[in-house]
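Participant: Need a 3D model of the following:
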Amino acid sequence: MKLYRLHEVQNLPISMEKAWYFLSDPKNLKTITPDYMGFEILGGDEKKMYPGQIIKYIVTPVMGIPTQWVTEITHVKEGEYFVDEQRFGPYALWHHKHFIRPIENGIEMEDIIDYKIPFGILGQIVHPTIVQPKLKEIFNYRQKKLVELFGEYKN
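Facilitator: Prediction:
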């Protein structure tokens, strides 16, 4: 079984409280996801994040094919971190940890995603040319959008 990891870190000039308020609200996912992904929440976003929360989405990541994605928020430490895991969707495994830490003049936001591509060897072949670049593109968009919303970190 081949597992992949995406690890991203971003610093923002905002308070822990502001960062948590924004990141723990599932409705804000649409704001930080590229429009071409056709991201729509179908349900589960009625409350702020809590362990056991199931959130259902539609995404259109490749060739305009809509894909249903269901995640569960499995762990939450208020103001510090949360974990979402795919229960149904495009990956064979998706485990996404979100950490927020205070730093001088702002916060450090860290994302660690461990994932597995379906379709065995075929999935492994398309990973470096399709999946990995697409994930990097999505996270680059997310970083730029967060800078637009909250400003650029300067230390």
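Participant: Could you give the bridge partners of residue 115?
Facilitator: Here residue 115 sits in beta bridges with residue 4, residue 94, going by DSSP bridges.
Participant: From residue 83, how far off is it?
Facilitator: For residue 115, the distance to residue 83 under the criterion Cβ to Cβ, to the nearest Å works out to 13 Å. In short, each C-beta sits where N, CA and C put it, glycine included.
Participant: quick one: common contacting residues for the two?
Facilitator: Shared contacts of residue 115 and residue 83 (Cβ atoms under 8 Å, 6 or more residues apart in numbering): residue 95.
Participant: residue contacts, the spatially most central residue of the chain?
Facilitator: When Cα atoms, centre = their mean is applied to the chain, the residue found nearest the centroid is residue 96 (6.8 Å). Residue 96 is in contact with 83-85, 111-113, counting by Cβ under 8 Å, 6+ apart.
Participant: Confirm that it sits in a strand.
Facilitator: Yes. Assignment of residue 96 by DSSP: H, G, I helix; E, B strand; the rest coil places it within a strand.
Participant: From residue 39, how far off is residue 68?
Facilitator: Note on residue 68: its distance to residue 39, by Cβ to Cβ, is 12 Å.
Participant: Then residue 98?
Facilitator: The gap separating residue 98 from residue 39 is 17 Å, by Cβ to Cβ.
Participant: out of residue 68 and residue 39, which sits in the busier spot?
Facilitator: Set residue 68 next to residue 39 and count neighbours by other Cβ atoms under 10 Å: residue 39 wins out with 19 against 12.
Participant: Enumerate every residue touching the more buried one.
Facilitator: By Cβ under 8 Å, 6+ apart, residue 39 lies in contact with 29-30, 33, 57-59.
Participant: how does it look with 10 Å?
Facilitator: Residue 39 makes contact with 29-33, 57-61, 69, 138, according to Cβ atoms under 10 Å, 6 or more residues apart in numbering.
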